[in-house]
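*Asks:* Sequence and predicted structure are below.
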Amino acid sequence: MVIKKISILPVFILILMAFQTAPKKQLPAKKPVAVASAGITASVNRGKTIYLERCLACHQVDGGGVPHLNPPLDGASGVLGKDKARLISIVLKGFEDRVELDGEYYSNNMAAHADLSDRQIADVLTYIRNSWSNKADAVTATEVKAVRARIK
Ligand code: HEC
């Protein structure tokens with residue numbers, strides 16, 4: 001019995017350590033609202049400027065889009081979803097796939113915006129993910145850089 005207890009102790013400690021570190025790592029993904037109130041704000045503010053210059057004409061100031069022409073970004077499952085690489089590549093390469101977006105099709109073409117820097121693309125995507133009714137975690141310049149390198 002004594003031997004058994006001793007051999008189990010390190011395992012038990014390891015499990016305890018795992019439980020202590022795991023929630024810390026997941027914090028940014030699991031608590032987007034808390035992140036939004038702190039670090040994201042600066043990115044959202046920079047992203048707004050880019051949105052007003054480059055996206056507003058089609059997706060509109062309220063993110064509502066234009067029926068049948070340009071999709072809404074407010075409440076769009078693709079904008080709020082976990083697939084940030086897809087969002088990044090839409091901005092880098094443009095989008096004219098004519099795929100169904102939340103039950104609708106849109107006939108306009110979105111041009112590529114690859115001239116924007118990694119930081120600018122991260123900011124504008126963080127902006128659309130945290131504006132109007134949207135709340136989702138940030139897109140980082142590192143994530144944009146990785147996608148840009150992959151699709152080149
Ligand atoms: C010329 C008009 C136009 C401009 C400017 C434009 N878009 Fe788009 N965007 C579209 C259209 C049209 C689609 C859908 C294309 C399709 O369905 O084939 C789209 C799709 C999207 C999607 C996918 C939405 C979803 O539900 O998955 C995102 C995200 C997006 N645009 C973001 C942006 C951002 C960010 C900018 C500014 C950097 C921008 N767009 C500028 C027209 C535009």
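*Replies:* Good, I have the coordinates.

*Asks:* Tell me the helix or strand right after the helix or strand of the chain with the lowest mean pLDDT.
*Replies:* Evaluated with mean pLDDT, DSSP states H and E, the helix-and-strand set of the chain has its lowest mean pLDDT in helix 32-37, which scores a mean of 50. Read in the C-terminal direction, the helix or strand following helix 32-37 is helix 40-54, with elements assigned using DSSP states H and E.

*Asks:* What average pLDDT does that following helix get?
*Replies:* The average of the pLDDT scores along helix 40-54 is 97.

*Asks:* Next SSE downstream of it?
*Replies:* Next in sequence after helix 40-54, counting helices and strands by DSSP H and E, comes helix 56-59.

*Asks:* does any bit of that following helix sit next to the ligand?
*Replies:* Yes - using Cβ under 6 Å from any ligand atom, helix 56-59 comes into contact with the ligand via 57-59. Every C-beta, even on glycine, is put in place using the N, C-alpha and C of the backbone.

*Asks:* before we move on, what about stretch 69-77?
*Replies:* Yes - counting by Cβ under 6 Å from any ligand atom, the ligand has neighbours in stretch 69-77: 70-71, 73, 76.

*Asks:* before we move on, back to that, tell me the one of the residues of helix 56-59 next to the ligand nearest the ligand?
*Replies:* The shortest separation between the ligand and any of these is 2.9 Å, and it belongs to C58 (by Cβ to the nearest ligand atom).

*Asks:* List the contacts of the spatially closest residue to the closest one that is not a sequence neighbour.
*Replies:* Of all residues not flanking C58 in the chain, N70 sits nearest, at 4.1 Å (Cβ to Cβ, 6 or more residues apart in numbering). For N70, the residues meeting the contact criterion (Cβ atoms under 8 Å, 6 or more residues apart in numbering) are 58-60, 106, 108, 110.

*Asks:* Try it again at 6 Å.
*Replies:* Contacts for N70 (Cβ atoms under 6 Å, 6 or more residues apart in numbering) come out as 58-59, 106, 108.

*Asks:* what pLDDT does it get?
*Replies:* In this prediction, N70 carries a pLDDT score of 98.

*Asks:* cool, K31 as well?
*Replies:* 49.
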